[in-house]
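Peer 1: here is my input, please return the structure:
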Amino acid sequence: MTTPAKNTICLWYDRDAEEAARFCARTFPDSSVGAVHRAPGDYPDGKQGDALTVEFTVLGIPCLGLNGGPAFKHSEAFSFQVATVDQAETDRYWNAIVGNGGQESECGWCKDKWGISWQITPIALTKAYTGPDRAAAKRAFDAMMQMKKIDVAAIEAAVRD
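Peer 2: You can find the predicted model right below:
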């Protein structure tokens, strides 16, 4: 038996933890699905043999999907922030999440179809708004505030202006 991670993110799902884990494994590098643990008996929102918990990794982060039923919903209070190297990577992740039943939000945020929030954040954006040139940082920030999916070229143009 392997030693479990010291800290694991537990994500509560209605009943689709395995599907969500498999989506992450298909979409992001350094992501995989591990053990699927089946319920040893009936429980309030499921039956014996249903997937109860799913061990998975998202971009190297250990997670546990718990099929706990409809009692709790996800919110933007928790999100995965994914640093992307260019527009192609930004587009790939954004389109995978939104195109698989998710929804766009603002400033690089979107939600997957299970309600988990994702920040698809180009490194160029982070460098722009945290850089030493505060006027350029404000221009980049102001440009970002007008976007849903981040447009790297527009951010870079705002920094140059």
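Peer 1: with just CA atoms, put the longest helix along the chain into PDB.
Peer 2: Of all segments of type helix in the chain, defined using DSSP state H, the longest is helix 87-99. Taking Å, rounded to 0.1, in the frame of the first residue of the first chain, the C-alpha atoms of helix 87-99 are listed here in PDB:
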ATOM      1  CA  GLN A  87      -2.600  31.500 -26.400                       C
ATOM      2  CA  ALA A  88      -2.800  28.000 -27.800                       C
ATOM      3  CA  GLU A  89      -2.600  26.400 -24.400                       C
ATOM      4  CA  THR A  90      -5.100  28.900 -23.000                       C
ATOM      5  CA  ASP A  91      -7.500  28.100 -25.800                       C
ATOM      6  CA  ARG A  92      -7.100  24.400 -25.400                       C
ATOM      7  CA  TYR A  93      -7.900  24.300 -21.700                       C
ATOM      8  CA  TRP A  94     -10.700  27.000 -21.900                       C
ATOM      9  CA  ASN A  95     -12.300  25.200 -24.900                       C
ATOM     10  CA  ALA A  96     -12.100  21.800 -23.200                       C
ATOM     11  CA  ILE A  97     -13.800  23.100 -20.100                       C
ATOM     12  CA  VAL A  98     -16.400  25.300 -21.700                       C
ATOM     13  CA  GLY A  99     -17.000  22.900 -24.700                       C
END
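Peer 1: who's in contact with that helix?
Peer 2: 27-28, 82, 84, 104, 110-112, 118, 120, 122, 149-153 (CB atoms under 8 Å, 6 or more residues apart in numbering). For every residue, glycine as well, the C-beta is placed using N, CA and C.
Peer 1: if we go to 6 Å?
Peer 2: Thr27, Val82, Thr84, Glu104, Cys110, Asp112, Trp118, Ile120, Pro122, Lys149, Ile150, Val152 (CB atoms under 6 Å, 6 or more residues apart in numbering).
Peer 1: going by distance to Arg38, which of those wins?
Peer 2: Nearest to Arg38 out of these is Asp112 (CB to CB; 24.1 Å).
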